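Visitor: missing the sequence, but the structure's below:
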């Protein structure tokens with residue numbers, strides 16, 4: 001129930017006034033609508049052993065539950081779901097990480113559930129406990145980049161600038177190439 005304070009004043013034809021205050025209890029209809037949940041898809045090809053952030057947009061017409069209102073659930077395919085409370089990251093966005101130790105080949109399954117103060121639970125219709133989202137996991141890169149280099153075709157003199165050709169490739173990307 002919500003209390004609304006109000007006052008009433010009246011004046012008669014002779015100019016006499018009277019005032020009174022009152023409280024009015026307003027009862028809202030029961031909350032039967034679950035929070036709306038929209039989860040950003042996690043792309044395939046996440047690296048094994050690296051934490052993965054999951055972001056969800058949660059909208060609720062009244063109030064979310066006081067304790068752990070939004071929870072990220074994750075598991076290895078076919079395994080038991082583990083729960084990670086999500087933290088509000090501004091506006092209606094909530095964030096949590098699937099821990100690095102849970103990101104293993106071949107894949108991870110996940111979904112997000114939000115609960116409101118009336119105990120209505122909702123999740124993204126595309127990601128549920130029965131049909132979770134899934135992303136593939138690739139092996140952790142443990143080898144250095146492959147280098148292919150080409151010496152200048154012509155001999156160079158001491159003090160001349162030299163620009164050798166270098167090609168660096170790595171499945172996880174090349175952060176930089178330095179020639180000394």
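Guide: Thanks, I have the structure now. Small disclaimer: the values here were computed from a predicted structure and weren't measured. Numbering: from 1, shown residues only.
Visitor: Where does pLDDT dip in this structure?
Guide: 1-2, 142, 152, 163-164, 171 (pLDDT under 70).
Visitor: how about the most centrally placed residue in it, secondary structure?
Guide: In the chain, the residue lying closest to the centroid (C-alpha atoms, centre = their mean) is residue 55, at 1.2 Å. Three-state assignment for residue 55 (DSSP: H, G, I helix; E, B strand; the rest coil): strand.
Visitor: Phi, psi for residue 64 please.
Guide: Residue 64 has phi and psi values of phi -80, psi 160 when expressed as degrees, to the nearest 10.
Visitor: is it true that residue 60 touches residue 116?
Guide: Yes - Residue 60 is within contact range of residue 116, at 5.3 Å (criterion: C-beta atoms under 8 Å). Heads up, the C-betas are built off the backbone N, CA and C, glycines and all.
Visitor: Need the overlap of contacts for these two.
Guide: residue 35 (C-beta atoms under 8 Å, 6 or more residues apart in numbering).
Visitor: More neighbours: which of these two?
Guide: residue 60 (23 against 20; other C-beta atoms under 10 Å).
Visitor: Show the contacting residues for that one.
Guide: 35-36, 114, 116.
Visitor: And it, how far from residue 124?
Guide: Distance from residue 60 to residue 124, counting by C-beta to C-beta, to the nearest Å: 14 Å.
Visitor: List the contacts of residue 88.
Guide: 70, 94.
Visitor: May I have the beta-bridge partners of it?
Guide: Assessed by DSSP bridges, residue 88 has beta-bridge partners residue 94.
Visitor: tell me the phi and psi of the residue lying closest to residue 64 once chain neighbours are set aside?
Guide: Spatially, and ignoring its direct neighbours in sequence, residue 64 is nearest to residue 116 (5.5 Å; C-beta to C-beta, 6 or more residues apart in numbering). Main-chain torsions, residue 116, degrees, to the nearest 10: phi -100, psi 180.
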